[in-house]
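Undergrad: structure of the sequence below:
(2 chains)
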Amino acid sequence: MPAESISVIKLRGLLLVTVPPDPDDTTVSALQEKVLQAMVQHESRGLVLDISTVQTLDSFFARTVVETVQMVGLMGGRTVLAGMRANVAVTVTQLGLSIGNALTALDVDRAIELLDAEASKELRL
Amino acid sequence: MNDLPPGEFPIGSENDIVSARRIIRNAATALGFGLTDVTRIVTAASELTRNIYVHAKSGIMRWRSVHRGSGVGLELTFADNGPGIPDVAKALQVGYTTGTGLGMGLPGSKRLTDEMTIQSEVGRGTTIVVRKWLPT
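TA: As a prediction, the model looks like this:
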């Protein structure tokens, strides 16, 4: 799948990125770059990575996701990984990978709720 | 009943990693593995084909069904004529890497499959064989 086909949608101050089902390494790297550019361009406060169609999360892919979470964090944004499939979760865990300090949610809907809740928590502080 | 024609696929480009995943997904599904086992096998194949591409530039992946009594399994072989692994025991330690990776590919692939053998000679190449058995 070509990198151009990655969609980055701006939604209520957030970025919604749908990760393609079986991307090659170049597409995975391009995704990271595209996300970071969009974070700056749209001054987003958070990122939702929709990985609900992802079939294989190997160590290269997972490392890029973890790096992206860290980079978005340094830019002041929170990331939610949304919709990881059960079989992928089992495999990632057995592979020995940790997703770092990303938030997780069952689906995109809950991911947006989570980021909204985080934002209002920060307002109260 | 559970059988699969053997095959092979040369690895020589980054895109071949994606193709290898697709081939092994189809092979494991055809042999009767469930979704979680298919994902385990495909993830291991992804790690091991990437190792070929990154360390040896090119190599070959082979697959075939194997039998043990009434049990059926999938055997995958990843062979290259690359630089070889100087210390296999060390390469199987989590976090050990000679490149820019996480050092998880080899130990991770071992955990995701049932059997793994590594034959490697420095300067000659590496052959890694993994097997996953269908639950009986």
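Undergrad: what residues are up against the closest residue to residue A:31 other than its chain neighbours?
TA: Nearest residue to residue A:31 in three dimensions, chain neighbours excluded: residue A:6, at 5.3 Å (C-beta to C-beta, 6 or more residues apart in numbering or on different chains). Any C-beta I mention is one placed from the backbone N, CA and C, and that applies to glycine too. Residues counted as contacts of residue A:6 (C-beta atoms under 8 Å, 6 or more residues apart in numbering or on different chains) are A:17, A:18, A:19, A:20, A:27, A:30, A:31, A:34.
Undergrad: where does the chain dip in pLDDT?
TA: Using chain A here. By pLDDT under 70, the low-scoring segments of chain A are A:1-4, A:125.
Undergrad: correction: the question concerned chain B.
TA: In chain B (pLDDT under 70), the answer is B:1-2, B:98-102.
Undergrad: how about the helices in the chain?
TA: Unless you meant another one, I'm taking chain A. All helices of chain A, identified by DSSP state H, fall at A:25-42, A:59-74, A:86-95, A:108-124.
Undergrad: hm, I was asking about chain B
TA: Going by DSSP H, chain B shows helices at B:14-31, B:35-51, B:88-91, B:105-112.
Undergrad: quick one on the thing from earlier: farthest pair in the contacts of residue A:6?
TA: A:18 and A:30 (14.0 Å; C-beta to C-beta).
Undergrad: neighbour count winner among these two?
TA: Neighbour comparison, residue A:18 and residue A:30: the larger count goes to residue A:18, with 21 against 16 (by other C-beta atoms under 10 Å in any protein chain shown).
Undergrad: list the residues that contact the spatially closest residue to the more buried one that is not a sequence neighbour.
TA: Nearest non-adjacent residue to residue A:18, counting by C-beta to C-beta, 6+ apart: residue A:50, 4.6 Å away. With contact set as C-beta under 8 Å, 6+ apart, residue A:50 has these partners: A:16, A:17, A:18, A:19, A:82, A:83, A:108, A:111.
Undergrad: where's the residue nearest the centre of chain A relative to chain B, distance?
TA: Central residue of chain A (C-alpha atoms, centre = their mean): residue A:49, 2.8 Å from the mean position. Distance of residue A:49 to chain B, given as C-beta to the nearest C-beta, to the nearest Å: 19 Å.
Undergrad: residue A:15 now?
TA: Where chain B is concerned, residue A:15 sits at a distance of 25 Å (C-beta to the nearest C-beta).
Undergrad: for residue B:14, which non-adjacent residue is spatially closest?
TA: Nearest to residue B:14 is residue A:25, by C-beta to C-beta, 6+ apart, at 5.3 Å.
Undergrad: count the residues that sit near the one you found.
TA: For residue A:25, using other C-beta under 10 Å, the count is 18.
Undergrad: also residue B:13?
TA: 13.
Undergrad: pipe the helices of chain A into CSV and attach distance to residue B:108 per row.
TA: Shown next, in CSV, are the helices of chain A (distance: least, C-beta to C-beta, whole Å):
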stretch, distance to residue B:108
helix A:25-42, 17
helix A:59-74, 6
helix A:86-95, 4
helix A:108-124, 27
